[in-house]
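Student: quick one: sequence plus predicted model below, questions after.
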Amino acid sequence: MQYANQYAIPRIVIGATQSGSGKTTIVTGLLAALRERGLKVQSFKVGPDYIDPGYHKLASGRPAHNLDTWLTPENAVPAIFAAACEGADIAVVEGVMGLYDGGRRGVSSTASVAKLLDAPVLLVIDAKSMGASAAAIAQGFRDYDPTVQLAGVILNRLGSDTHEAMIREAMKAIGIEVYGALRRNEELKLPERHLGLLPVEENDEQEVIGKMGRAAARQLDLEALLRLAQTAKPLKVRTLYRKDGQKLKLCRIGVALDEAFSFYYPTSLDVLKHFGAELVPFSPLRDKGIPNVDGLFIGGGFPEMFAAQLAANRSMRQEIQEKAAAGMPIYAECGGYMYLMDSLQDFAGEVYAMTGVFSGQAVMTPKLQMVGYVEAVLRQDSLLGPKGTKLRGHEFHFSREQEREDAERPFCFTKLRNNLTYGAGRQVNNVLGSYLHLHFAGCPEAAKSFVEHCLAWKLEKKERE
């Protein structure tokens, strides 16, 4: 990376006291309200979550980006931020969990990202069933780390005007400004599923987004928010990767993209483009076969919710199996990994045939099987790099892989939170899959290796022809 000019980007970070405080609803409403005013607003999500950014995009009309100090180096965060903000009037960053929560030792917490962006922070407080205690909570968050620019609060789930007045008075007494006060409103809830909110690919909730925007316009002090965003100082950042990639397209990589497979970080895909990949979307649900490509990237998502439809598309399953056997480079993450197995058992216990690239079965369970950041070390040479390559990623899945004593695991995973170490993933021919989610801006050498493998496959095909 190289140094670039300073960027004057108006920005605010919306944090909270804890998960479930209403951050996503408030941020989505704020984005919609600002867009309605004619502003070009760029949104971000702290942490590895794929689903919340989808609702950001519905509200703002621009792709949302993730900011994560585990998946990418700290100095890449401002660069990703600045690149995504090109052409925007203001940036709004939604935090993760509570303000100071993250991985082990607070890695990738909202507070840490806010400091990297030198941005003012607003704290969302779920004020249901509390009065002046809300001010005590706000004061504690403000004083816990004075280097965090906690500028004020947004009160959520208030019951009445009296309730609001009581808390405003308590906040005034300790010098904390209130930037918004929202009433309880069950109509603003978004539908949920086992991994969190229902993805927008299945739920184009424009009506609810509109309601959120109107509620935000009425109950948030938009003028004060805009003034606060303008107080953010210019950022000096390093350039990362050109979003348009290289002019020379070295190879074509098919990217599975539909309701079943939608978990991709926009900047991560940009890194593949930077190294010469032309990305070609395709649908394992609806397309009869894969496009004319030199490799495949099958990301995460919800194949378990579309298992019958995936199984019914026999021509797609057969072609992927044939290409894998012929040596085509295929990289799969989580849901994509499940799709490459022999079969998938859904929550109801029904079993559906998948592509059969990897032997074994993915079994959905009612209990979360794994969540958190991991360090992955390659035990074998692979399309992501040579043996010994270290990668940072995260896991989040309700499925388990049926144990196979004879399965060789290409990865060794170590959980960040407790240092638990275990073998993971499968590798067959030029196909690599696991429950790991990567951000290629944090491991560009892996992206480069993947593109190089796809180029090599392309050249080999030409020789055979």
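Tutor: On my side now, so go ahead.

Student: tally of neighbours for Ala173?
Tutor: Neighbours of Ala173 under the rule other Cβ atoms under 10 Å: 11. For every residue, glycine as well, the C-beta is placed using N, CA and C.

Student: my guess is it contacts Ala136, does it?
Tutor: No - counting by Cβ atoms under 8 Å, Ala173 stays clear of Ala136, with 10.8 Å between them.

Student: could you give the backbone dihedrals for Ala348?
Tutor: Here is the backbone geometry of Ala348 (degrees, to the nearest 10): phi -80, psi 0.

Student: quick check, pLDDT for it.
Tutor: Confidence at Ala348, expressed as pLDDT, is 91.

Student: swap in Val200?
Tutor: Val200 is assigned 50 on the pLDDT scale.

Student: do the same with Thr365
Tutor: With respect to pLDDT, Thr365 scores 88.

Student: quick one, what contacts it?
Tutor: Applying Cβ atoms under 8 Å, 6 or more residues apart in numbering to Thr365 gives the contacts Phe398, Ser399, Arg400.

Student: nearest to Leu340, of these?
Tutor: Lowest distance from Leu340 to the contacts of Thr365 (Cβ to Cβ) belongs to Ser399, with 12.9 Å.

Student: okay, now that closest one: neighbour count?
Tutor: 23.

Student: when you give positions from now on, start the count at 5
Tutor: With the count now opening at 5, the last piece we talked about shows up as Ser403.

Student: residues contacting it?
Tutor: Under the criterion of Cβ under 8 Å, 6+ apart, the contact list for Ser403 reads Glu308, Met342, Leu348, Ala366, Val367, Met368, Thr369, Gln373.

Student: okay, it and Leu314: tell me how far apart.
Tutor: According to Cβ to Cβ, to the nearest Å, Ser403 and Leu314 sit 14 Å apart.

Student: same check, this time on Leu34
Tutor: In terms of Cβ to Cβ, Leu34 sits 37 Å off from Leu314.

Student: who has more neighbours out of these two?
Tutor: Taking other Cβ under 10 Å, Leu34 and Leu314 do not tie; Leu34 has more neighbours (29 against 24).

Student: isn't that one right up against Gly26?
Tutor: No - if you go by Cβ under 8 Å, Leu34 and Gly26 don't touch, sitting 11.6 Å apart.

Student: please, where are all the strands along the stretch 205-354 of the chain?
Tutor: Along the stretch 205-354 of the chain, the segments classed as strands by DSSP state E, counting those that start in this stretch run 239-242, 255-260, 265-267, 281-286, 299-302, 304-305, 334-337, 345-349.

Student: let me redo that: the stretch 355-469 of the chain
Tutor: Under DSSP E, counting those that start in this stretch, the stretch 355-469 of the chain gives strands at 355-357, 362-368, 374-382, 394-401, 403-405, 415-419, 425-428, 430-432, 435-438, 441-442.

Student: nearest to Leu239, out of those strands?
Tutor: Ranking the strands of the stretch 355-469 of the chain by their distance to Leu239 (criterion: Cβ to Cβ) puts strand 394-401 first, at 23.7 Å.

Student: tell me the strands beside the closest one, with direction?
Tutor: Here strand 394-401 has these sheet partners by DSSP bridges: strand 374-382 (antiparallel), strand 441-442 (antiparallel).

Student: can you check which helix is longest in the protein?
Tutor: Ranked by residue count under DSSP state H, the longest helix found in the chain is helix 448-468.

Student: buried ones in it, by neighbour count?
Tutor: 448, 450-462 (16 or more other Cβ atoms under 10 Å).

Student: do the same with stretch 378-395
Tutor: Buried residues in stretch 378-395, counting neighbours by 16+ other Cβ under 10 Å, are found at Val378, Glu379, Ala380, Leu382, Arg383, Ser386, Leu387, Leu388, Gly389, Thr393, Leu395.

Student: mind putting those residues into a markdown table with pLDDT and distance to Ala329?
Tutor: As requested, those are arranged in a markdown table below (pLDDT from 0 to 100; distance: Cβ to Cβ, whole Å):
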| residue | pLDDT | distance to Ala329 |
| --- | --- | --- |
| Val378 | 95 | 30 |
| Glu379 | 96 | 32 |
| Ala380 | 97 | 26 |
| Leu382 | 98 | 22 |
| Arg383 | 97 | 23 |
| Ser386 | 97 | 17 |
| Leu387 | 97 | 16 |
| Leu388 | 98 | 20 |
| Gly389 | 98 | 23 |
| Thr393 | 98 | 25 |
| Leu395 | 98 | 26 |
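
Student: in JSON lines, list those residues along with distance to Ser113.
Tutor: Conversion of these to JSON lines gives the following (distance: Cβ to Cβ, whole Å):
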{"residue": "Val378", "distance to Ser113": "18"}
{"residue": "Glu379", "distance to Ser113": "18"}
{"residue": "Ala380", "distance to Ser113": "22"}
{"residue": "Leu382", "distance to Ser113": "29"}
{"residue": "Arg383", "distance to Ser113": "31"}
{"residue": "Ser386", "distance to Ser113": "32"}
{"residue": "Leu387", "distance to Ser113": "33"}
{"residue": "Leu388", "distance to Ser113": "28"}
{"residue": "Gly389", "distance to Ser113": "29"}
{"residue": "Thr393", "distance to Ser113": "27"}
{"residue": "Leu395", "distance to Ser113": "22"}
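
Student: tell me the contacts of Pro414?
Tutor: Per Cβ under 8 Å, 6+ apart, neighbours of Pro414: Leu382, Arg383, Gln384, Ser386, Gly429, Arg430, Gln431, Leu436, Ser438.

Student: rerun that using 6 Å as the cut-off
Tutor: By Cβ atoms under 6 Å, 6 or more residues apart in numbering, the contact set of Pro414 is Arg383, Gln384, Ser386, Gly429, Gln431.

Student: coming back round to it: hey, which of the strands of the stretch 355-469 of the chain is tucked in deepest?
Tutor: Ranked by mean neighbour count, those are led by strand 435-438 with a mean of 26 (mean count of other Cβ atoms under 10 Å).

Student: cheers, nothing more for now.
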